[in-house]
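J.: predicted model, plus sequence, below.
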Amino acid sequence: MIEATHLTKRFGDTIAVDDLSFTVRPGVVTGFLGPNGAGKSTTMRAIAGLIRPTSGTTRVNGAPLARHAAPITELGTLLGPGLAHPGRTARAHLLALAATHGLGSARVDEVLQLTGIEAVARRRVGTFSLGMHQRLGLAAALLGDPQTLMLDEPINGLDPDGIVWVRRFLRTLADEGRTVFLSSHLMSEMAQAADHLIVIGRGRLIVDAPMAEVLAGVGTPRVLVKTPDATRLAAALAAPGVTVTSLASGELEVMGLDAPAIAAIARDRDVLLHELTTRTASLEEAYLSLTDSTLEYAAADPAA
């Protein structure tokens, strides 16, 4: 579990994190979102004990990380690539980390295999691609077999196979009851990976809620209907508060009625349905709606 309580961090006159409180619970993948400059990296670095808060506290599994006797067995972190000495081999880098906590070479070999870089374990890190750096960072985060993981942009630079592997692996960890805290700018990937969302803007909490609740709170659900008798069905659906839009031949978009109600009307009118799909707002739409007023850097709309 990760806890931030009234966390505040100032850099001179700049408030990077402003009285931020949240709890990241075990058993789910929690996504951490916010615009550039929102305070995400500062928050994660404070949790990892890399910077000292101006005020407030952070705890990992019940205590500040520095108070744990073996920190890497409590919290595994990936806060960016390039943290290994370029002249060391991947295996030597992990062996050095393992030695700080009395872990043996067997565990190093396990995480090398687990993250798919066993074949390049004896290559120098300076020759690695960005994706290989990411895999090495994940190996380091997993080294202590921690109950809590905090990962910043873990799929950056990975190929499609690597992205799918990370997504499935994080789900496995959460299903084991571990705490997984994940930051990413890729909305499509976050939508598939996360169960719960924490969204911040200008250092303050905007949303702390399940993914489904966040999506349901933005926009009006729409139902896509495909039928060979679209004209007759559209007329049958017409009613106060119902909007029916023709998208293409044989396709309707309906707002104001849910899928079961549309199916019942189609049945009563003897209209054949080929498809009936409920569409809610995408995570990207929800995110933009939530953070629009907190953007520090906003480009002009090219369509304006």
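T.: Sure thing, it's come through. Numbers count the residues shown, from 1 in each chain.
J.: now the lowest-mean-pLDDT helix or strand in the chain, how far from the chain's geometric center?
T.: Lowest by mean pLDDT, DSSP states H and E among the helices and strands of the chain is helix 283-291, with a mean of 82. In terms of C-alpha atoms, centre = their mean, to the nearest Å, the gap separating the centre of helix 283-291 from the centre of its chain is 14 Å.
J.: packing partners of it?
T.: In this structure, helix 283-291 packs against helix 187-193, strand 196-201, strand 204-210, helix 211-216, with contacts taken as 3 or more C-beta pairs under 8 Å, 6 or more residues apart in numbering; DSSP states H and E. Any C-beta I mention is one placed from the backbone N, CA and C, and that applies to glycine too.
J.: what's the most buried one of the ones you listed?
T.: Mean neighbour count (mean count of other C-beta atoms under 10 Å) peaks for strand 196-201 among the helices and strands packed on helix 283-291, with a mean of 23.
J.: show me the strands in the stretch 201-304 of the chain, by range?
T.: Counting by DSSP state E, counting those that start in this stretch, the stretch 201-304 of the chain has strands at residues 204-210, 222-226, 243-248, 251-255, 275-279.
J.: adjacent strands (with direction) for the third one?
T.: Sheet pairing here is set by DSSP bridges, and for strand 243-248 it gives strand 251-255 (antiparallel).
J.: in the strand it pairs with, what's buried?
T.: For strand 251-255, a neighbour-count test (16 or more other C-beta atoms under 10 Å) marks 252, 254 as buried.
J.: now do stretch 281-289
T.: Applying a neighbour-count criterion of 16+ other C-beta under 10 Å, one finds 281, 283, 286-287 buried in stretch 281-289.
J.: could you dump these to JSON lines with distance to residue 29?
T.: As requested, the buried residues of stretch 281-289 are exported to JSON lines (distance: C-beta to C-beta, whole Å):
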{"residue": "281", "distance to residue 29": "20"}
{"residue": "283", "distance to residue 29": "13"}
{"residue": "286", "distance to residue 29": "17"}
{"residue": "287", "distance to residue 29": "16"}
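J.: if we can go back for a sec, closest one to residue 149 among the helices and strands packed on helix 283-291?
T.: Closest of the helices and strands packed on helix 283-291 to residue 149 is helix 187-193, at 12.4 Å (criterion: C-beta to C-beta).
J.: for the closest one, packing partners?
T.: Helix 187-193 packs on strand 29-33, helix 160-175, helix 283-291, going by 3+ C-beta pairs under 8 Å, 6+ apart.
J.: could you export those as JSON lines, including distance to residue 118?
T.: Formatted as JSON lines, the helices and strands packed on helix 187-193 follow (distance: least, C-beta to C-beta, whole Å):
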{"stretch": "strand 29-33", "distance to residue 118": "26"}
{"stretch": "helix 160-175", "distance to residue 118": "14"}
{"stretch": "helix 283-291", "distance to residue 118": "34"}
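J.: most tightly surrounded among the ones you listed?
T.: Using mean count of other C-beta under 10 Å, the stretch among the helices and strands packed on helix 187-193 with the largest mean neighbour count is strand 29-33, at a mean of 25.
J.: compute the inter-axis angle for that one and helix 283-291.
T.: Relative orientation of strand 29-33 versus helix 283-291 (axes from the mean of the first three to the mean of the last three C-alpha atoms, to 10 degrees): 50 degrees.
J.: strand 29-33 pairs with which strands?
T.: Assessed with DSSP bridges, strand 29-33 is paired to strand 179-183 (parallel), strand 196-201 (parallel).
J.: thanks again, I'm all set now.
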